[in-house]
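>>> Please find the sequence and the predicted model below.
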Amino acid sequence: MTLSHYLSHRRYYEVALWAALLGFNMSANAWVSTLDAQRVGLEVAWWAPLTWEFSSMLFTAALLPLMLAFDRRFPLEPPLLRRHLPLHLLFTLPYSLIHVAGMYWARRAFYAWMGDDYLWPNWWAEFGYEYLKDCRGYFSLIALIYLYRFLLLRWQGQAAFVAEGTEESVQQPASDRFLVKKLGREFLVRVEDIDWLEAAGNYVNLHVGTRIYPLRETMGSIESRLEGRGFARVHRSAIVNLDRVREIVPFDSGDGEARLTTDQRIPVSRRYRKALREQLAS
């Protein structure tokens, strides 16, 4: 599998990876619960452990977007780790409350459908036990997310502006090259070789031919750095190299689409369409 193929289908692969991970964890836990019940001589319906673990997996999956959104807002990265780690610890409380309440009522509903009853004699005592498990599970998932991001960055390579001169010159206009670090190697990419730039969370992805390099910058910051270099903002999440624009296709909604010489299609919002036309005409 090539990097460009993976990145073009990234969301599908990520969903499949999450489904495989959660599905495996559910099956393993259900099997362990069944063995534990047999070991102590407790009679448990065959479907009960599956119900327990499926309900837990279901609400873990439902909470993943919320977890990812919270992590994007408060990333656990070295400069911010001491400030954001306590926030993540506090976040595990509402996270666990939603997870536990959801799976509890899902179990009650399924048990009732099977003609049985599911009750916790002391709900808050059970919640305390489940919270400890959820807290451990939350940080395990966060660790897996950061490991995945690290491996993906190693595969992609990471770009940085080449500083001009001494450290005092960092605030000056950007160099016309990016320094790309990939799998222990360093090489240069010229700004003019970039086809377009795409916002991706805390990064901006530089599209250079079939390659994609993540740059740790905001769109606003990189837009100002590239001012006067033949680039134009066309969408809140996209900047294009004007030399790569083959045509602009307008839509009835007022938005449009920039079709590049590389056959890529970039959304153009109505907010930027007029300015893009003027820049292309100048």
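It's in.
>>> so where's the stretch 1-150 of the chain uncertain?
For the stretch 1-150 of the chain, applying pLDDT under 70 flags the ranges 1, 3.
>>> Report the secondary structure state of R246.
At R246 the chain is in strand, as set by DSSP: H, G, I helix; E, B strand; the rest coil.
>>> Look at it and say how many residues are nearby.
Neighbourhood size, R246 [other C-beta atoms under 10 Å]: 10. Every C-beta, even on glycine, is put in place using the N, C-alpha and C of the backbone.
>>> And it, what's its pLDDT?
At R246, the pLDDT value in this model is 90.
>>> so what's it up against?
Applying C-beta atoms under 8 Å, 6 or more residues apart in numbering, we find R246 in contact with R259, L260, T261.
>>> Identify the residues contacting stretch 105-125?
By C-beta under 8 Å, 6+ apart, stretch 105-125 touches A45, W47, T51, W52, S55, L58, F59, Y104, E126.
>>> swap that for stretch 250-267, sorry
The contact list for stretch 250-267 (C-beta under 8 Å, 6+ apart) reads 195-196, 207, 209, 234-235, 238, 240, 244-249, 268-270, 273, 276.
>>> Recalculate using a threshold of 6 Å.
For stretch 250-267, contacts defined as C-beta atoms under 6 Å, 6 or more residues apart in numbering pick out 195-196, 234-235, 238, 240, 244-249, 268-270, 273.
>>> any idea which helix or strand carries L68?
Using DSSP states H and E, L68 falls within helix 47-73.
>>> Next SSE downstream of that helix?
Downstream of helix 47-73, the first helix or strand assigned by DSSP H and E is helix 81-113.
>>> ok, back up a step: okay, the contacts of stretch 105-125 in a markdown table with distance to R225 next?
What follows is these, written out as a markdown table (distance: C-beta to C-beta, whole Å):
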| residue | distance to R225 |
| --- | --- |
| A45 | 63 |
| W47 | 59 |
| T51 | 55 |
| W52 | 53 |
| S55 | 49 |
| L58 | 45 |
| F59 | 43 |
| Y104 | 51 |
| E126 | 54 |
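>>> who wins for neighbours among these?
In terms of neighbours by other C-beta under 10 Å, the contacts of stretch 105-125 top out with S55 at 22 neighbours.
>>> what's near enough to touch it?
The contact partners of S55, by C-beta under 6 Å, 6+ apart, come to M103, A106, R107.
>>> between those residues, which is nearest E77?
If you rank the contacts of S55 by distance to E77 using C-beta to C-beta, M103 comes first, at 31.3 Å.
>>> burial of the closest one, as a residue count?
M103 has 21 neighbours, counted by other C-beta under 10 Å.
>>> That one against M57, yeah?
No: counting by C-beta atoms under 6 Å, no contact exists between M103 and M57, whose distance comes to 8.8 Å.
>>> ok so, going back, of all the contacts of stretch 105-125, which two lie farthest apart?
Checked with C-beta to C-beta, these reach their widest spread between A45 and F59, with 21.5 Å between them.
>>> how about the helices in the stretch 151-282 of the chain?
Remark: helices assigned in the stretch 151-282 of the chain by DSSP state H, counting those that start in this stretch are 219-225, 270-281.
>>> Okay, domains of this protein per the record?
3-156, 158-281 (automatic domain parsing).
>>> Distance of the closest residue to G256 other than its chain neighbours relative to D255?
Distances taken as C-beta to C-beta, 6 or more residues apart in numbering place V268 nearest to G256, at 4.1 Å, with adjacent residues excluded. For V268, the distance to D255 equals 6 Å [C-beta to C-beta, to the nearest Å].
>>> Can you pick out the residue with more neighbours from these two?
For V268 versus D255, the count of surrounding residues by other C-beta under 10 Å is larger for V268: 26 against 16.
>>> what's near enough to touch that one?
Counting by C-beta under 6 Å, 6+ apart, V268 touches V234, G256, E257, A258.
>>> can you rerun that using 7 Å?
Residues in contact with V268 (C-beta atoms under 7 Å, 6 or more residues apart in numbering) are V234, H235, I248, D255, G256, E257, A258, L276.
>>> Look at the residue nearest to the first one when sequence neighbours are not counted and report its pLDDT.
Nearest residue to V234 in three dimensions, chain neighbours excluded: V268, at 4.5 Å (C-beta to C-beta, 6+ apart). On pLDDT, V268 comes in at 91.
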